[in-house]
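Peer 1: just coords:
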DNA sequence: TTGTAAGCGTTATCAT
DNA sequence: ATGATAACGCTTACAA
């Protein structure tokens, strides 16, 4: 089964290749009648323009590249689905690549996508330091690109953001209001600004309530990291009264260890997570967590990207901040 | 920042384009010395061959397409990561597309990937009926392709399988041995053969133990489906003693509803899941489930695909069946 | 309205 | 060992 080419169709119909081409690209003058005839014949012969060849002459590929640091947690898949909804609607296909938390892999992924001439990119960084000059060049080469979740200020591109400071503040304040003092914040990669913002929110809540600012412990972002920290906490003389974790995986890992060691949650220690995962309401006790609007983040990123793609003149990068919600569940509610 | 082309380099170095080309494709005769000189210069100028143009003349793209029905549950992401491990090693990039449980989207995804000239495809079907003739044509057009998880016998391609019958049998037998009789099996899409195989295993275990075969209830594969079924079960006069769910989402949904209505698990009703998810050991009570070797499924699929890609003569499709494990946890252990 | 032919960035065949 | 040039499948001035 050889691929039918434009020439085959042209020959068969006794017209020139350009006529065929025109039939497939509405913008040229072509008699409606002949166009219909060509399209019909093409369908019969199973012909459709080879996108590779098309890309070589044109600019557009109608493919969008989506690069995420990982996708085992449902956060990124949910964002992707949101983006895909609006992109498919507009006739774009979404090519997804995951970086396995490695900036080298991320770099390769972006390169592959760019080489494949995607019309735009939606990216969440693995690192906020490593690929910056690369992205700068990419941006100044006019590649439409939108960052989300893990972004860096320095890059002048559109961004979809979440107010980590604010929601971290609310989450912490919730614990304080419930009467838990002596709260520890466990968080992941130090260098990410979402980490910094969450820490700032954590501290601000303490200051507002005139409390001594709680300890911050750095680790990774996985369940295993949460377990490790909980174990080290248990070895201490006194346990904190509450833990505010920078994501649900961390919270769930810690919770697991505490329960295994006979501690009551929230009785002995209360727990709050962040970026609510699917597990939150199904684990025991149900986990209080900050819900990010994953779906909408994806949709917004896609929209911003389309705006940029469709802008002919100079494009001014936009930043959008989306709103969240604190879902209060049993894990953080003071038992009397 | 225009893209540097082969001509730019050729002109700059005063050699012909073919020499440059040769330098980048080892297989040609070229003096080592000049090749090194060219490669060095190319790097300086930031030149690398344009893969689009390359694809137009060659066959290979060194891209592999990966199509999954969904990826919110961690099953597919884990498989992808496994496959990516071996593929990246071999210099391939992995383009992922998700079909959103729609066979139309799946069809478009595969087409996009094929149009982009991927060297091979790894696919898990959304439906076992819908795209068959399409895949048949694809296969007979010599596109290397490996199916996994959701496959159809009819298609003669390599497959990575899991012995659903066997593990369903074991899971059911475990419940029987624990003393639970009156077991109900809830399962998803009727038309999938993995569904049928799991049902067969469920029934075979009953027959082996000379028990009346339990009821089978069809629904979808989501947490919400599990919740709905549990509710309808509660409305009945008598509750079954145990539930064997065809996946963890279903099990967890059902569990959630039972707990909310005050039923003890496993006291009032025992539960077993399938395709162990991350949640299994973190929910309460921890869920007994059949663990599939997700990682290895991915690796095996990738290996099979590479074998096919690297076979010059006729390729004989291979099928691999991977082994699982029944992780017994609290949710299915008889309380005395 | 349609055809001719140059060009997109490579690789591959044939000379030299 | 290297250079010229056709070819890959398509788009797009430019002509007709």
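Peer 2: It's in. Remember, it's a predicted structure, so these values are computed and weren't measured experimentally. Numbering: from 1, shown residues only, chains lettered A, B, ... in the order given.

Peer 1: Tell me which residue of the stretch 201-336 of chain A lies closest to chain B.
Peer 2: residue A:284 (3.0 Å; C-beta to the nearest C-beta). (Each C-beta comes from the backbone N, C-alpha and C, glycine too.)

Peer 1: and that residue, what does it touch?
Peer 2: Counting by C-beta atoms under 8 Å, 6 or more residues apart in numbering or on different chains, residue A:284 makes contact with B:283-284.

Peer 1: Residue A:143 too?
Peer 2: With contacts defined as C-beta under 8 Å, 6+ apart, residue A:143 is in contact with A:114, A:120-121.

Peer 1: Restricted to buried residues, select those in ChimeraX.
Peer 2: Buried residues among those (16 or more other C-beta atoms under 10 Å in any protein chain shown), as a ChimeraX selection:
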select /A:114,120,121
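
Peer 1: would CSV of the contacts of residue A:143 with secondary structure and distance to residue B:312 be doable?
Peer 2: Converted to CSV, the contacts of residue A:143 look like this (DSSP: H, G, I helix; E, B strand; the rest coil; distance: C-beta to C-beta, whole Å):
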residue, secondary structure, distance to residue B:312
A:114, helix, 32
A:120, strand, 39
A:121, strand, 37
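
Peer 1: from the contacts of residue A:143, which single one is nearest residue A:27?
Peer 2: Among the contacts of residue A:143, residue A:120 lies closest to residue A:27 (C-beta to C-beta), at 21.5 Å.

Peer 1: I'd like the distance from the closest one to chain B, if you could.
Peer 2: Counting by C-beta to the nearest C-beta, to the nearest Å, the separation of residue A:120 from chain B is 15 Å.

Peer 1: That residue pairs with what?
Peer 2: Note on residue A:120: beta-bridge partners by DSSP bridges are residue A:64.

Peer 1: Which of the contacts of residue A:143 sits closest to DNA strand C?
Peer 2: residue A:114 (13.0 Å; C-beta to the nearest atom of the strand).

Peer 1: which residues touch that closest one?
Peer 2: Listed by C-beta under 8 Å, 6+ apart, the contact set of residue A:114 reads A:65, A:121, A:138, A:143.

Peer 1: in chain A, which spans are helices?
Peer 2: For chain A, the helices defined by DSSP state H occupy A:6-13, A:17-24, A:32-45, A:51-57, A:75-89, A:103-115, A:132-140, A:164-177, A:193-208, A:223-235, A:248-260, A:294-310.

Peer 1: before we move on, the earlier item: which one of the contacts of residue A:114 is nearest to residue B:214?
Peer 2: residue A:65 (48.1 Å).

Peer 1: Count the residues that sit near that closest one.
Peer 2: By the measure other C-beta atoms under 10 Å in any protein chain shown, the count of residues near residue A:65 is 25.

Peer 1: Go ahead and confirm it touches residue A:120.
Peer 2: Yes - the criterion here is C-beta atoms under 8 Å, and residue A:65 meets it with residue A:120 at 7.3 Å.

Peer 1: what's next to the worst-scoring helix or strand of chain A on mean pLDDT, contact-wise?
Peer 2: Lowest on mean pLDDT, DSSP states H and E among the helices and strands of chain A sits helix A:51-57, with a mean of 86. The contact list for helix A:51-57 (C-beta under 8 Å, 6+ apart) reads A:61, A:117, B:52-53, B:55-56, B:115-117.

Peer 1: Would you mind listing the two of those that lie farthest apart?
Peer 2: B:53 and B:115 (16.0 Å).
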